[in-house]
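Asker: got a structure for you, letters missing:
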Ligand code: PEP
């Protein structure tokens, strides 16, 4: 069945507000012809409001990269879901491997954040993926299944249907190494089957499963052409409007 392709750009800790303004403007101008591909850009939190002003009347959606699960309180330096929502974000990345690696995020905190995101009307983009060591030990399926089951614990089908899952093998993020299309398809299918087991055909057949890990214009069509690959979460290649819009146009052409 045909699912919408969803291309999201994770700007990570790049772009000051003036740089963000420029990049968002360029992306908006280069994608005015896009009709059938969902586009999301996720600038750093400091630039959310600035970027929102640029894209609010376009079909490009705004996402945040992180937030804290409490509604408000004495959590110096952190941001609530309500705050990022008030900056214009409608999506939020949860459980990116860099957050898991450097900031101690776990399946449990991912689960709490999904809950708060949904309570606040934000659409979660939930990241999962195995390390190189785990892949080489042939435990990719086990690791990814555990991450998904942990993330989804306690959620009913209506809640699960609101998620985007991003499969991002850690060894492919920012390394220039990409999973082969077969490797990506195999894990994406496994994730969809797991969702089918946990919920039903409707959720499984409609849920968007993105691939992430060194996606660039040169490999986008072969990866996005796989049956269960419904889009991409793009890091490095989303920092330039040319390469990001090229990936979007490839998705649109498939
Ligand atoms: C990411 O950070 O989600 C990512 C996939 O990065 P890159 O495209 O640079 O590998």
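Answerer: Arrived safely. Source: prediction; values computed, not measured. Numbers count the residues shown, from 1 in each chain.

Asker: and the helices in the stretch 151-254 of the chain?
Answerer: Using DSSP state H, counting those that start in this stretch, the helices of the stretch 151-254 of the chain run over residues 157-160, 181-198, 201-206, 217-224, 241-253.

Asker: and of those helices, who's closest to residue 151?
Answerer: Residue 151 lies closest to helix 157-160 among the helices of the stretch 151-254 of the chain, at 9.6 Å (C-beta to C-beta). In this view, the C-beta of every residue, glycine as well, is placed from N, C-alpha and C.

Asker: same for the closest one, what does it pack against?
Answerer: helix 201-206 (3 or more C-beta pairs under 8 Å, 6 or more residues apart in numbering; DSSP states H and E).

Asker: gap between the helix it packs on and the chain center?
Answerer: Relative to its chain's centre, helix 201-206 lies at 19 Å (C-alpha atoms, centre = their mean, to the nearest Å).

Asker: could you pull up the mean pLDDT of it?
Answerer: Helix 201-206 carries an average pLDDT of 97.

Asker: again, but for stretch 88-96
Answerer: Averaged across stretch 88-96, pLDDT comes to 98.

Asker: pairing partners for the nearest residue to residue 248 once chain neighbours are set aside in the sheet, please.
Answerer: Sequence neighbours aside, residue 7 is the residue nearest to residue 248 in space, at 5.1 Å (criterion: C-beta to C-beta, 6 or more residues apart in numbering). Judged by DSSP bridges, the bridge partners of residue 7 are residue 39, residue 232.

Asker: relative to residue 221, how far out is residue 7?
Answerer: From residue 7 across to residue 221, the span is 13 Å (C-beta to C-beta, to the nearest Å).

Asker: what about the protein, any weak spots by pLDDT?
Answerer: 1 (pLDDT under 70).

Asker: my read: residue 163 touches residue 122, true?
Answerer: No - applying C-beta atoms under 8 Å, one finds residue 163 not in contact with residue 122, separated by 10.9 Å.

Asker: quick check, residue 124 in a helix?
Answerer: No - assessed with DSSP: H, G, I helix; E, B strand; the rest coil, residue 124 is strand; it does not lie in a helix.

Asker: burial of it, as a residue count?
Answerer: By the criterion of other C-beta atoms under 10 Å, residue 124 has 24 neighbours.

Asker: and it, how far is that from residue 244?
Answerer: Going from residue 124 to residue 244 by C-beta to C-beta gives 22 Å.

Asker: could you do residue 30 as well?
Answerer: From residue 30 to residue 244 the distance is 8 Å (C-beta to C-beta).

Asker: circling back: make JSON lines out of the helices of the stretch 151-254 of the chain and add distance to residue 86 and mean neighbour count.
Answerer: Shown next, in JSON lines, are those (distance: least, C-beta to C-beta, whole Å; neighbours: other C-beta atoms under 10 Å):
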{"stretch": "helix 157-160", "distance to residue 86": "22", "mean neighbour count": "15"}
{"stretch": "helix 181-198", "distance to residue 86": "31", "mean neighbour count": "18"}
{"stretch": "helix 201-206", "distance to residue 86": "29", "mean neighbour count": "14"}
{"stretch": "helix 217-224", "distance to residue 86": "33", "mean neighbour count": "19"}
{"stretch": "helix 241-253", "distance to residue 86": "26", "mean neighbour count": "20"}
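
Asker: what about this protein, which residue is the most distant from its middle?
Answerer: Distance to the chain centre peaks in the chain at residue 74, reaching 28.4 Å (criterion: C-alpha atoms, centre = their mean).

Asker: which helix or strand contains it?
Answerer: Here residue 74, judged by DSSP states H and E, is contained in no helix and no strand.

Asker: tell me who's in contact with it.
Answerer: By C-beta atoms under 8 Å, 6 or more residues apart in numbering, no residues touch residue 74.
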